[in-house]
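Student: A structural model of the following input is requested.
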Amino acid sequence: MGRFSTNINVKCADFADKFTEIMKKRGYETCTEDYATLSYVIAQGQFWATLAEKNYNSDIRMTLDDTKFIAKELNTPAFMLEVVDSDFAMIKLNGTEVIVGDGSGYGIENAPKPDRTLWEPLVTNGTFERLTEIWQTHEVFVEDALAKSAPLLGIEPQFIMADYREILDMSDGANITRLYFKKIGAGKPLTLNAAFKQVFGEGLEPLGFKRIKSKYPYFVRVVPGGEIIHVITLLNEPSYIRGKKCFNIFGGIATVYRDEIDLTQDPEVENINWMRSNARIAVLTDTKYDFAYKGGFQEFFFETNNESEMLYELQHSFDVTRKIMLPVISKAVDIYSTIECFSIMGMPLSFNKRFEGMLFLKTPRYADIFINELQKCDNEYKEKMEQQIEGYTLEGYETELRKTKEVLQREVSPIDEVFANPDLLAENMAELERRKTFNTETLRSYGLDI
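Tutor: Reported below is the predicted structural model:
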């Protein structure tokens with residue numbers, strides 16, 4: 001998956017102060033994060049500033065409206081930039097559009113080129129022809145073309161395409177400003193994160209979950225024995241419906257034998273690789289859910305600034321989670337069943353030292369896990385043969401059987417080797433105990449009783 005990012009680049013040397021002033025014309029005043037309905041970050045360069053808001057990546061209309069407002073109020077060039085899957089970027093300036101990179105995969109065959117009358121005055125280092133040449137070159141990653149063109153415009157290359165999260169993560173002396181706004185005179189709003197904690201707290205806490213001490217919204221349940229945790233969290237998603245925000249619910253399983261557990265990180269960035277959405281789990285487990293009267297469960301949408309609709313969708317998402325996700329992750333009650341659950345959730349383990357790959361050393365039945373999984377595949381192939389589905393033949397079955405034995409040997413042999421070597425076994429067991437001690441202390445620091 002490539003990069004998706006959206007921002008605004010403004011030709012202004014002292015943008016933060018000016019932006020605060022013009023926001024007053026919109027009826028907004030600065031505030032603390034707790035009261036904010038708008039959260040902006042600004043990366044200030046020598047000649048240009050890059051602006052991003054938390055919702056820009058999911059709300060292009062908001063980004064366009066901000067671009068037009070800033071350009072008009074400050075009487076300065078301002079362009080919106082959207083990177084799409086690292087393939088191409090759309091740049092909008094004064095009602096015109098430029099496509100940088102290759103948009104043919106998205107149906108853009110005759111890509112609009114930069115308007116000389118608008119862009120040539122902005123080129124301060126080089127020529128308009130060189131700018132056009134770079135933007136029309138189909139780099140493997142469009143980010144490379146944007147970075148090459150930035151110096152021609154006098155924009156710092158690391159700023160030109162940075163989105164909200166990337167600007168927040170910048171260091172090395174970058175001039176970064178965070179600004180929070182609320183409607184003038186407004187009280188504290190009910191944010192999506194706060195509403196998630198409210199709705200899911202009421203539903204999950206009676207089931208043994210606890211909201212942990214973290215900047216991000218994680219609910220965690222410690223399985224008796226203190227080796228396994230079940231985790232449920234909220235992710236903001238890009239919205240393709242104008243005027244609506246989008247979120248999703250993800251859940252997963254972790255053990256204290258993982259190389260690291262870190263729930264202080266944004267789930268979308270650091271932890272999404274070991275979690276699954278309700279929709280994904282439903283597909284993997286063939287779970288049926290009657291959602292026609294409520295809408296789907298791929299994602300959940302609500303009208304921007306509509307608290308009642310937001311709460312309704314959160315309750316809907318909890319109902320889906322209770323039906324689809326909880327029955328699956330609740331099966332992880334010991335090491336053996338946890339490994340099985342990883343497979344059910346589409347994350348089958350192999351023996352290694354990353355993530356949960358060392359768990360096989362904690363159960364003497366490790367070979368059964370692979371045998372059962374391969375037997376399931378074997379049965380599915382036989383069933384399709386009996387149904388006379390095209391392509392499923394006796395010869396093909398014998399080939400699959402040989403492959404199955406090869407897979408079993410490849411997966412089990414490294415574990416057998418560890419158990420056969422006392423020194424190697426002691427070394428690996430010591431590592432598991434080190435991880436257990438470290439991760440247990442980490443989980444305790446989140447306020448969990450473990």
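Student: Let's verify T67: helix, strand, or coil?
Tutor: helix (DSSP: H, G, I helix; E, B strand; the rest coil).
Student: tell me the contacts of it?
Tutor: Counting by CB atoms under 8 Å, 6 or more residues apart in numbering, T67 touches 8, 78-80, 92. The C-beta positions use only the backbone N, C-alpha and C, and glycine is treated the same way.
Student: Just say helix, strand or coil for the residue lying closest to it once chain neighbours are set aside.
Tutor: Closest residue to T67 apart from its sequence neighbours, by CB to CB, 6 or more residues apart in numbering: M80 at 4.5 Å. Put simply, M80 is strand when judged by three-state DSSP.
Student: surely M80 meets T6?
Tutor: Yes. M80 lies in contact with T6 (CB atoms under 8 Å); the separation is 7.2 Å.
Student: ok, those two, which is more surrounded?
Tutor: Counted by other CB atoms under 10 Å, M80 and T6 do not tie: T6 has more neighbours, with 26 against 23.
Student: Specify the beta-bridge partners of that one.
Tutor: E82 (DSSP bridges).
Student: May I have stretch 108-127 exported as PDB, CA atoms only?
Tutor: Extracted C-alpha coordinates of stretch 108-127, given in PDB (Å, rounded to 0.1, in the frame of the first residue of the first chain):
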ATOM      1  CA  ILE A 108      -6.800  10.000 -15.600                       C
ATOM      2  CA  GLU A 109      -5.500   9.700 -19.200                       C
ATOM      3  CA  ASN A 110      -5.100  13.300 -20.200                       C
ATOM      4  CA  ALA A 111      -3.600  14.800 -17.100                       C
ATOM      5  CA  PRO A 112      -3.900  18.600 -16.700                       C
ATOM      6  CA  LYS A 113      -0.600  20.400 -16.900                       C
ATOM      7  CA  PRO A 114       0.500  23.500 -14.800                       C
ATOM      8  CA  ASP A 115      -0.900  26.900 -15.900                       C
ATOM      9  CA  ARG A 116       2.200  29.000 -16.800                       C
ATOM     10  CA  THR A 117       0.600  32.300 -15.700                       C
ATOM     11  CA  LEU A 118       0.000  30.800 -12.200                       C
ATOM     12  CA  TRP A 119       3.000  28.700 -11.600                       C
ATOM     13  CA  GLU A 120       5.900  30.500 -13.400                       C
ATOM     14  CA  PRO A 121       5.800  33.500 -10.900                       C
ATOM     15  CA  LEU A 122       6.100  30.900  -8.000                       C
ATOM     16  CA  VAL A 123       9.300  29.300  -9.400                       C
ATOM     17  CA  THR A 124      12.200  31.000  -7.600                       C
ATOM     18  CA  ASN A 125      15.000  28.500  -8.200                       C
ATOM     19  CA  GLY A 126      15.100  27.200 -11.800                       C
ATOM     20  CA  THR A 127      12.600  27.500 -14.600                       C
END
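Student: How about the secondary structure of C246?
Tutor: strand.
Student: can you pull up the bridge partners for it?
Tutor: With DSSP bridges as the rule, C246 is bridged to E237, F301.
Student: Would you confirm that it contacts P238?
Tutor: Yes. With contact defined as CB under 8 Å, C246 reaches P238; the gap is 6.7 Å.
Student: more crowded one of the two?
Tutor: Set C246 next to P238 and count neighbours by other CB under 10 Å: C246 wins out with 20 against 15.
Student: ok, the more buried one to L235 distance?
Tutor: 9 Å (CB to CB, to the nearest Å).
Student: cool, R354 as well?
Tutor: 23 Å.
Student: Compare these two and say which is more crowded by neighbours.
Tutor: L235 (19 against 10).
Student: For that one, which three-state class applies?
Tutor: Assignment for L235 (three-state DSSP): strand.
Student: Give me the pLDDT for it.
Tutor: Looking at L235, its pLDDT reads 92.
Student: same check, this time on H230
Tutor: 98.
Student: And D102, by the same measure?
Tutor: Taking D102 on its own, its pLDDT is 87.
Student: show me the contacts for it.
Tutor: 87-88, 138, 142.
Student: Tell me how many other residues crowd the closest residue to it other than its chain neighbours.
Tutor: Distances taken as CB to CB, 6+ apart put H138 closest to D102, at 4.2 Å, once the chain neighbours are dropped. Neighbours of H138 under the rule other CB under 10 Å: 13.
Student: Show me where the chain dips below the pLDDT cut-off.
Tutor: Across the chain, the ranges flagged by pLDDT under 70 are 1, 171-173, 289-297.
Student: how about the helices in it?
Tutor: Per DSSP state H, the chain carries helices over the ranges 15-25, 60-74, 116-119, 128-136, 142-153, 164-168, 192-204, 278-285, 307-323, 325-329, 335-344, 366-386, 394-420, 422-445.
Student: follow-up on the earlier one: which residues lie in contact with the residue nearest to T67 in this structure?
Tutor: 6-8, 63-64, 67, 90-93.
Student: Between those, which sits nearest G225?
Tutor: Looking at the contacts of M80 and their distance to G225, the nearest is T6, at 45.3 Å (CB to CB).
Student: Now do the same contact list for that closest one.
Tutor: 52, 56-57, 60, 63, 80-83, 163.
Student: Now with 7 Å, please.
Tutor: 56-57, 60, 63, 82, 163 (CB atoms under 7 Å, 6 or more residues apart in numbering).
Student: Equivalent analysis for W48, please.
Tutor: By CB under 7 Å, 6+ apart, the neighbours of W48 are 9-11, 154-155.
Student: swap the cut-off to 10 Å and go again
Tutor: 9-13, 15, 76-79, 122, 150, 153-156, 159-160 (CB atoms under 10 Å, 6 or more residues apart in numbering).
Student: Of these, which qualify as buried by neighbour count?
Tutor: 9-12, 15, 77-79, 122, 150, 153, 155-156, 159-160 (16 or more other CB atoms under 10 Å).
Student: Can you give me the neighbour number for R280?
Tutor: 17.
Student: now swap in S330 and tell me
Tutor: So S330, with other CB under 10 Å, has 16 neighbours.
Student: That one touches L207, doesn't it?
Tutor: Yes. Here S330 reaches L207: they are 8.5 Å apart, a contact under CB atoms under 10 Å.
Student: which residue is nearest the centroid of this protein?
Tutor: E268 (2.8 Å; CA atoms, centre = their mean).
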